[in-house]
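Asker: Compute the structure for the input listed below.
(chains A and B)
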Protein chains: 2
Amino acid sequence: MGIIVQKFGGTSVGSPERIKNVANRVIQEVSAGNQVVVVVSAMGKTTDHLVTLAAEITSKPSKREMDMLLSTGEQISIALLSMAIQERGFESVSYTGWQAGIETEAIHSNARIENIQVSKVSQSLSEGKIVVVAGFQGISSSGDITTLGRGGSDTTAVALAAALKADKCDIYTDVTGVFTTDPRYVPTARKLQAISYDEMLELANLGAGVLHPRAVEFAKNFEMPLEVRSSLELENGTIIEEEVSVEKNLVVRGIAFEDQITRVTVCGLPNELHTLSTIFGTLAKNGVNVDIIIQSTTNQNQTNISFSVKTPDLHDAIAVLENNREALSFEEIQHETGLAKVSIVGSGMVSNPGVAADMFQVLAQENIQVKMVSTSEIKVSTVVEQENMVKAVEALHEAFNLSAVEEEKVKVRS
Amino acid sequence: MGIIVQKFGGTSVGSPERIKNVANRVIQEVSAGNQVVVVVSAMGKTTDHLVTLAAEITSKPSKREMDMLLSTGEQISIALLSMAIQERGFESVSYTGWQAGIETEAIHSNARIENIQVSKVSQSLSEGKIVVVAGFQGISSSGDITTLGRGGSDTTAVALAAALKADKCDIYTDVTGVFTTDPRYVPTARKLQAISYDEMLELANLGAGVLHPRAVEFAKNFEMPLEVRSSLELENGTIIEEEVSVEKNLVVRGIAFEDQITRVTVCGLPNELHTLSTIFGTLAKNGVNVDIIIQSTTNQNQTNISFSVKTPDLHDAIAVLENNREALSFEEIQHETGLAKVSIVGSGMVSNPGVAADMFQVLAQENIQVKMVSTSEIKVSTVVEQENMVKAVEALHEAFNLSAVEEEKVKVRS
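Answerer: Sure, this is the predicted structure:
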């Protein structure tokens, strides 16, 4: 008994039939005595259709008008879901982003939520209504419709849950939860019963793809428990919360990986105080996202700097460097494509200093050369050859005991 | 040089290609030195698609949620038109109904505009922008999205023009103007250069179909000149304004007609003071729209009342009467289907009392029996057999000289 925010993505509301299924899931929570706010994305095909229409008009649509156009997608979903709930005999009301009081920065296509005026949603809940809110969208202080960018509906759900002081925020997806690693590659991958915000953040940023990092950050800041669960299966999903006592004994909680990585090395840079800030400042200003960075000083006057980029960004990265050759004064640029990133994540690493060494040993035993390394308090990332990626993940999954069946009891949830 | 409001319907914005054509028409007026506000409807197919989606969810959608759903149609149009204008190198901004300050009654699916807060639209015009506004929609005082019902975009355009004190409101349609009668039936039908609000109101109510009566009423109240013109042809359309001096010499300005009419006669009613109000009050309360009403008293105690309805409403009309047989205490109900209504309209009739007689004479010469008659200050309606409808219209069009070429000069407009 409490307030629950549920979020359903574009696939879950992809057809009238699926919208009716979502209505059933919503009504289950209401019948269990909860007040429910549902956040939905645009129907799967709608966004594609709208993007195609815009492309037939112009190749460079203004971001304001794209937000105006795309925000109709969620508006269609909320109206249809609200109808489906009413058809089942329950009271329901739909709200667009601006009606639900989702106030954002005045930035189009990628705005951040600044504030939520929850009075309207709260009022409707207290009147016994199921409230259906459009995800992904908000309103700027000038009254323009904005959108939140990738993963925006997740963020809407978590932010609304925080603002409403909800008991829980359920993210419904097409997977049943967060796994120790991608089960499409590693058959012994196991669904986690629980995971901490920080671990989820590392996994989300490392491409696990079930939850947008911005939404996890929001949840962490407001200590809002999340559950990632399936919109089709009834089983429990994965709880994301601050304290994950039940599985503390496992040092490594998950393994993330990503292919299409390229290492770029800028050789013969002057060994000066501002070299690093100049080079990465220039790349950032030109929109090139860099991941792992390594500096190796060869002699007193010169230094080499390596960084990893996604392979599709390689061309841009090299062009930016070449265009600034004079300012950066390097000797040459080398690069190696066909690489992949493999990372182990676990908050237990903080108190287990040998984990990185264990990881290197496992990889060495498999004859896998480590090209780059980067560590944080709760993760170790390595760059290896792409052809060794799955072999590395499998070996690490086995070595860190991730496929073992959990023996701890987790409290049963409704 | 002034402010012009243009309205384009669903067919005019039915595809990206057509939206680009509309952008051209808009830019023509801007290039002539005018400030332009464009009101658009939903793309032709969008509304049908949305209605189908709703029908797959429920057979009885709530009106609030239907308004939420359907209002996305115009929002798509405004975004795309604004992009098309920007693509041509002009500044443009789109506004939904609520953003444009269109405040309505708190009634869904058929709200009336109560007020327009024009500050946002005015501000954008003064910044040199072309303003694109969603027709058909507004916002209620409780912050809900409302729609205006049939012909709603016409009303949005006229109301905005009045609120902005625009010089003119152009209604773009798929016909080139208002005709003396329907040219699909009468080849000699002629486009009118000008017509008064009242004449247009009678023609609009009589099914001429180019302009919604509510929009004409609005224009009359605010003395806003309208022009009905083609979105494809460049020729002048028909001006609708208070004073139509140029064609005053013609008593009859147009002929409207409508098939599928049924006459219902309620026989043997008590001849009492409240008989009329009881019978038509009962029909109205049950949603049956009645057009012409005739009472004929056969003896001191009994009376017969005839009225015309659209044939598809016949079943409802009879059911309502039968259900209230006791209260109404009539003897029997007769009806005759297969009828049509033919009406002549012209403000010159006020000072020409013989016009109705002329009409009856023309019909008699053609052997056309008149089943019912109804007159107002500026129109005479007759009900005839449907098979005689076109013959009646042709004879009247000829007799009242409507196919004669206008000899008056009308000032040339841009």
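Asker: Could you use CA atoms for every contact and neighbour count after this?
Answerer: OK.
Asker: Could you double-check that residue A:15 sits in contact with residue A:42?
Answerer: No. Shown here, residue A:15 and residue A:42 do not form a contact pair, counting by Cα atoms under 8 Å, at 10.6 Å.
Asker: neighbour-wise, which of those two wins?
Answerer: With neighbours defined as other Cα atoms under 10 Å in any protein chain shown, residue A:15 and residue A:42 compare such that residue A:42 has more, 27 against 19.
Asker: who touches residue A:185 in this structure?
Answerer: If a contact means Cα atoms under 8 Å, 6 or more residues apart in numbering or on different chains, then residue A:185 has residue A:390 as its contacts.
Asker: hmm, try it at 10 Å
Answerer: Applying Cα atoms under 10 Å, 6 or more residues apart in numbering or on different chains to residue A:185 gives the contacts A:390, A:391, A:393, A:394.
Asker: Surely the first one is in a helix?
Answerer: Yes. When the secondary structure is assigned by DSSP: H, G, I helix; E, B strand; the rest coil, residue A:390 falls within a helix.
Asker: Spatially nearest residue to it (excluding sequence neighbours)?
Answerer: Spatially, and ignoring its direct neighbours in sequence, residue A:390 is nearest to residue A:185 (6.9 Å; Cα to Cα, 6 or more residues apart in numbering or on different chains).
Asker: mind checking how far the one you found is from chain B?
Answerer: In this view, residue A:185 and chain B are 38 Å apart by Cα to the nearest Cα, to the nearest Å.
Asker: Pretty sure residue A:3 sits against residue A:131.
Answerer: No. At 11.2 Å, residue A:3 does not count as touching residue A:131 under the criterion of Cα atoms under 10 Å.
Asker: what do these two both touch?
Answerer: By Cα under 10 Å, 6+ apart, residue A:3 and residue A:131 have these common neighbours: A:35, A:36, A:37, A:125.
Asker: contacting residues for the residue nearest the centre of chain A?
Answerer: By Cα atoms, centre = their mean, the mean C-alpha position of chain A lies nearest to residue A:212, the distance being 2.3 Å. Listed by Cα under 10 Å, 6+ apart, the contact set of residue A:212 reads A:150, A:151, A:152, A:153, A:154, A:155, A:200, A:201, A:204, A:205.
Asker: Could you pull up phi and psi at the fifth one?
Answerer: The reference is to residue A:154. Backbone torsions for residue A:154, taken as degrees, to the nearest 10, come to phi -60, psi -50.
Asker: quick one: it from residue B:53, how far?
Answerer: Look at residue A:154 and residue B:53: by Cα to Cα, to the nearest Å, they are 25 Å apart.
Asker: ok, which stretches of the stretch 151-300 of chain A are strands?
Answerer: For the stretch 151-300 of chain A, the strands defined by DSSP state E, counting those that start in this stretch cover A:168-173, A:194-195, A:226-230, A:238-240, A:254-270, A:293-297.
Asker: Sheet-wise, list the partners of the second one with their directions.
Answerer: So the one you mean is strand A:194-195. Strand A:194-195 sits in its sheet next to strand A:238-240 (parallel), going by DSSP bridges.
Asker: do the last one as well
Answerer: Sheet pairing here is set by DSSP bridges, and for strand A:293-297 it gives strand A:302-310 (antiparallel).
Asker: May I have the strand it pairs with as PDB, with CA atoms only?
Answerer: Coordinates of each C-alpha in strand A:302-310 appear next as PDB, following Å, rounded to 0.1, in the frame of the first residue of the first chain:
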ATOM      1  CA  GLN A 302      58.100  14.300 -24.800                       C
ATOM      2  CA  THR A 303      54.900  12.300 -23.900                       C
ATOM      3  CA  ASN A 304      52.500   9.900 -25.700                       C
ATOM      4  CA  ILE A 305      48.800  10.000 -25.000                       C
ATOM      5  CA  SER A 306      46.500   7.200 -25.800                       C
ATOM      6  CA  PHE A 307      42.700   7.200 -25.600                       C
ATOM      7  CA  SER A 308      39.800   5.000 -26.700                       C
ATOM      8  CA  VAL A 309      36.900   6.100 -28.900                       C
ATOM      9  CA  LYS A 310      34.000   4.300 -30.400                       C
END
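Asker: What helices and strands are in contact with the helix or strand just after that strand?
Answerer: Sequence-wise, the next helix or strand downstream of strand A:302-310 (DSSP states H and E) is helix A:314-323. Where contact means 3 or more Cα pairs under 10 Å, 6 or more residues apart in numbering or on different chains; DSSP states H and E, helix A:314-323 is packed against strand A:254-270, helix A:275-285, strand A:302-310, helix A:325-328, strand A:332-345.
Asker: and with 8 Å instead?
Answerer: Contacts defined by 3 or more Cα pairs under 8 Å, 6 or more residues apart in numbering or on different chains; DSSP states H and E place helix A:314-323 against helix A:275-285.
Asker: Identify the residues contacting the helix it packs on?
Answerer: So helix A:275-285 is contacted by A:269, A:289, A:317, A:320, A:321, A:328 (Cα under 8 Å, 6+ apart).
Asker: Also stretch A:38-51?
Answerer: Stretch A:38-51 has contacts (Cα under 8 Å, 6+ apart) with A:5-15, A:26, A:69-70, A:73-78, A:130-136, A:153, A:156-157.
Asker: In strands, which of those appear?
Answerer: Residues of these located in strands (DSSP state E): A:5, A:6, A:7, A:8, A:130, A:131, A:132, A:133, A:134.
Asker: By neighbours, which of these wins?
Answerer: Neighbour max across these (other Cα under 10 Å) = residue A:133, 34 neighbours.
Asker: Now do the contacts for the residue in the stretch 251-400 of chain A positioned nearest to chain B.
Answerer: Closest approach between the stretch 251-400 of chain A and chain B, counting by Cα to the nearest Cα: residue A:287, at 25.3 Å. Shown in contact with residue A:287 (Cα under 8 Å, 6+ apart): no residues.
Asker: close to chain B, is whichever strand or helix holds residue A:86?
Answerer: Here residue A:86, judged by DSSP H and E, is contained in helix A:63-87. Yes. Using Cα under 8 Å from any Cα of the partner chain, helix A:63-87 reaches chain B at A:65-66, A:68-69, A:72, A:75-76, A:79-80, A:82-84, A:87.
Asker: what's the neighbour count on residue A:108?
Answerer: 22.
Asker: my guess is it meets residue A:64, correct?
Answerer: Yes. Assessed by Cα under 8 Å, residue A:108 is found in contact with residue A:64 at 5.7 Å.
Asker: anything in contact with each of those two?
Answerer: Contact criterion Cα under 8 Å, 6+ apart; residues shared by residue A:108 and residue A:64: residue A:146.
Asker: Residue ranges in chain A under the pLDDT threshold?
Answerer: In the predicted model, chain A carries pLDDT under 70 at residues A:205-209, A:243-249, A:298, A:405-414.
Asker: Could you break it into its assigned domains?
Answerer: A:3-174, A:255-399 (automatic domain parsing).
Asker: now these in a markdown table, with distance to residue B:145?
Answerer: Below are the domains of chain A laid out as a markdown table (distance: least, Cα to Cα, whole Å):
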| stretch | distance to residue B:145 |
| --- | --- |
| domain A:3-174 | 9 |
| domain A:255-399 | 39 |
